[in-house]
Structures are given as C-alpha cells and as structure tokens.
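**Q** here is a sequence with its predicted model. Questions after.
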Amino acid sequence: MRNTKQRDCIFDIVNSSYNHLNAYQIYDIARKIIPSISLGTVYRNLAWLSENGKIRTIIVDGIIRYDRNVIHDHFICNECKNIIDIPRNDKSNNYIDGNLVIDYDIKYMGICKECLERKEK
C-alpha cells in the first residue's frame, strides 16, 4: 500500500505527540489539517501503520492508544489512566541467553505521583 497524504498526516500526528492519543483524538487533529478525512480512513491508516511497525499500540482499559515507534517502556496509572514514557537504559543488548530480541514491551502499572499527591490531601 502506498503512502498517501492522509497516512502521512496521521503518522506525523502520532509521532509529534507525547500524549498517547486514541483514534478519535487523532481524527480531531487530522480534520484540522485535512477537513475531508473520515474516521474510517483514520482507523484504516492507524491499523496499517501499526501492522507495519511504523507506530505502536498501547491498550489501557480496552482503549487503544497510539505511540511513536521509539524504544521505551510505559508506566500506566491505575487511577487516572495516564501513560508516562520511561526510557530504556540499555538499548545495546539485543540478546537474552543467546536468543535475538527483536522487540519487547514493558508496562509498569501503579499510581502516578499526581494521583498519590491528591490522595494525601
């Protein structure tokens, strides 16, 4: 499938955001750039970008969110559902017990510092 103006726009939105947007949020931003874009087009292109390793998906409480395909992990708050990027310290080790690691995804679950501060008040 060839790149289109719509796909490039959606890819740029995901890659320029640090907020782990869902499809509706991406659609709202894309409509400001391409007013004629449909929600179906956004969904199809997100699926293609994800299936082809261009972007990552994160599922929190059944909601799919999209992220840049940059090596990092995530901390997900059980209270507010905020997703916080955590950089990986060692990006050079691609083998575990002689097995080649192509990709992995680590999610830390807990309570973010903002929710902890609200609970203390």
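**A** That came through fine. Numbers count the residues shown, from 1 in each chain.

**Q** pLDDT of stretch 30-44, averaged?
**A** With pLDDT averaged residue by residue, stretch 30-44 scores 97.

**Q** check which residues of it are buried.
**A** Of all the residues in stretch 30-44, those buried under the rule 16 or more other CB atoms under 10 Å are 30, 37, 41, 42, 43. No exception for glycine: its C-beta is placed from N, CA and C like everyone else's.

**Q** tabulate those residues in a markdown table, adding columns for secondary structure.
**A** Converted to a markdown table, the buried residues of stretch 30-44 look like this (DSSP: H, G, I helix; E, B strand; the rest coil):
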| residue | secondary structure |
| --- | --- |
| 30 | helix |
| 37 | coil |
| 41 | helix |
| 42 | helix |
| 43 | helix |
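
**Q** packing partners for the worst-scoring helix or strand of the chain on mean pLDDT?
**A** Within the chain, no helix or strand scores below strand 95-96, which has a mean of 72 by mean pLDDT, DSSP states H and E. In terms of contact count using 3 or more CB pairs under 8 Å, 6 or more residues apart in numbering; DSSP states H and E, strand 95-96 is assigned no packing partners among helices or strands.
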